[in-house]
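>>> I would like to see how this sequence folds:
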Amino acid sequence: MLGRPLSKSTANLFRALRMRAAPDLAGFLSFAARPPVMLTSTWNQGETPDRGDADPVPSARGQLLFDRDSIKILNERTPLRVLREAALSGNVPRYSERDFVLSAFTRALLLDDFENGRPLSERLTALGADRERYLEVYRAAADSLERRFAGIFYVLHHPESRPYFASGMGRWGNPGRIDNYRDNWWCPVDLAVDLDARTNLSDWRQDLPPRASADAPAWSAAFLSDADRAQAKAEMAKLAATQSGPDYLLRETMRYARAHPTDQRVPEALHYALRSQRYGCVREQTAEAAEQVWRYMWRLYPKSGWTRKSNYHFEPANLPESH
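Purely as a prediction, here's the structure:
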């Protein structure tokens, strides 16, 4: 059927079926990548391709993109070692490669898995995603605490980081820049909706159906063994325990700061950790952790320029909205 002249939408439906039957990772990735029928923006409700705003991301034009069915399998039932293999294989769609490698690296960071994190960090450097060379420190760290902090320092400067993959055009914001609509870092991976682009937005989540069980037959994939799926399920439970991006970044940055108060990177890291709760996916408990970080900064580093930039006032009216 796929050898016949089909419309894009029909071919994509057959590719989705063929993807699930692929016996190996390379075949899965090959059929997971599909040409979009049309690129349109959320404000183009008529989905008319002749409108001026119908091509919001020109770089995605003519590119193969992941669809929601493929990232569901990758996010929830593919273990990290297989995700690392995919990220380094060269078979990920070119448009998505940088974000794919970064998501796999972020997952490795949260799981404290340096064996998989190191080659992923090397690939990020090769892709030009670490021009500040923060990940060199990650690879050279002497112990797990220093290594985790070096990885966190990188993630703090890259709000596009998150431990799950996105379909379609993914995050619209530029790498290293805050997204104005809070599509920054990540929400807890055990949210009641599927993990995808703009999962961070509460309004967006209300429009999504409840998350389907990744163990249902609809999400089977021939290239994954039962052991693979069980390992991925256990990894997802560990990721869920880390909570949201701001929760994790605040907590782990403070852990390092208390152990290494003279490290010159600490004030900067604390400032960026506070920024994550201002612009990321937060919960009611996040505000308390943020206030502790803020008070710690003013107590230990009152003259630092990073502290001066972090002059938040934790009155109830000024606390970030919880999700």
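>>> next secondary structure element downstream of the helix or strand of the chain with the lowest mean pLDDT?
One helix or strand of the chain scores below all others by mean pLDDT, DSSP states H and E: helix 202-206, with a mean of 58. The element immediately downstream of helix 202-206 (helix or strand, assigned by DSSP states H and E) is helix 226-241.
>>> pLDDT on that next one, on average?
Confidence for helix 226-241, expressed as mean pLDDT, is 97.
>>> and that helix, what does it pack onto?
Using 3 or more Cβ pairs under 8 Å, 6 or more residues apart in numbering; DSSP states H and E, the elements in contact with helix 226-241 are helix 68-77, helix 80-88, helix 97-110. Yep, even glycine has a C-beta here, placed from its N, CA and C like the rest.
>>> same thing but 7 Å
Contact here means 3 or more Cβ pairs under 7 Å, 6 or more residues apart in numbering; DSSP states H and E; on that basis helix 226-241 packs against helix 68-77.
>>> now do the helix it packs on against helix 226-241, angle only.
Taking axes from the mean of the first three to the mean of the last three Cα atoms, to 10 degrees, one finds that helix 68-77 is oriented at 80 degrees with respect to helix 226-241.
>>> any buried residues in helix 68-77, and which?
Buried residues in helix 68-77, counted by 16 or more other Cβ atoms under 10 Å: Asp69, Ser70, Ile71, Lys72, Ile73, Leu74, Asn75, Glu76, Arg77.
>>> elements contacting it?
helix 226-241.
>>> what angle sits between the next helix-or-strand element following the helix it packs on and helix 97-110?
Downstream of helix 226-241, the next assigned helix or strand under DSSP H and E is helix 245-259. Following the same axes, to 10 degrees, one obtains 50 degrees for the angle between helix 245-259 and helix 97-110.
>>> contact partners of the helix or strand just after helix 245-259?
Under the assignment DSSP H and E, the closest C-terminal helix or strand after helix 245-259 is helix 266-279. For helix 266-279, the surrounding residues in contact (Cβ atoms under 7 Å, 6 or more residues apart in numbering) are 153, 156-157, 159, 178, 182, 184-185, 245-246, 249-250, 253, 257, 260, 286, 290, 293-294, 297, 301, 304, 306-307, 309-310, 312, 320.
>>> same question for helix 266-279, mean pLDDT?
pLDDT averaged over helix 266-279 gives 94.
>>> any low-confidence regions in this structure?
Scanning the chain with the threshold set as pLDDT under 70 gives 40-57, 201-206, 311-323.
>>> tell me the centre residue of the protein?
The chain has Arg162 as the residue nearest its centroid, 1.9 Å off, counting by Cα atoms, centre = their mean.
>>> so that residue versus Ser244, what's the distance?
Going from Arg162 to Ser244 by Cβ to Cβ, to the nearest Å gives 10 Å.
>>> got it, and Pro35?
Distance from Pro35 to Ser244, by Cβ to Cβ: 34 Å.
>>> try Pro119
27 Å.
>>> the more surrounded of the two?
With neighbours defined as other Cβ atoms under 10 Å, Pro119 and Ser244 compare such that Ser244 has more, 24 against 18.
>>> let me see the contact set for that one.
Trp186, Cys187, Pro188, Gly280, Cys281, Val282, Arg283, Thr286.
>>> quick check: phi and psi at it.
When read as degrees, to the nearest 10, the backbone of Ser244 gives phi -80, psi 170.
>>> what's the spacing between it and Leu13?
In this structure, Ser244 and Leu13 are 35 Å apart, going by Cβ to Cβ.
>>> ok, now Phe165?
21 Å.
>>> same thing with Glu76?
From Glu76 over to Leu13 the distance is 22 Å, taken as Cβ to Cβ.
>>> if we can go back for a sec, what helix or strand is the nearest residue to the residue nearest to the centre of the chain once chain neighbours are set aside on?
Distances taken as Cβ to Cβ, 6 or more residues apart in numbering place Trp186 nearest to Arg162, at 3.6 Å, with adjacent residues excluded. Under DSSP H and E, no helix or strand contains Trp186.
>>> what's the burial count for Trp186?
For Trp186, using other Cβ under 10 Å, the count is 32.
>>> tell me which helix or strand Asn12 sits in.
helix 8-21.
>>> now the element after that helix, going C-ward?
Next along from helix 8-21, by DSSP H and E: helix 25-32.
>>> report the angle between that next one and helix 80-88.
Using the same axes, to 10 degrees: helix 25-32 against helix 80-88 is 60 degrees.
>>> what sits up against helix 25-32?
If you take Cβ under 7 Å, 6+ apart as the criterion, helix 25-32 is touched by 15, 18-19, 22, 66, 70, 82, 85-86, 89, 91-92, 221, 223.
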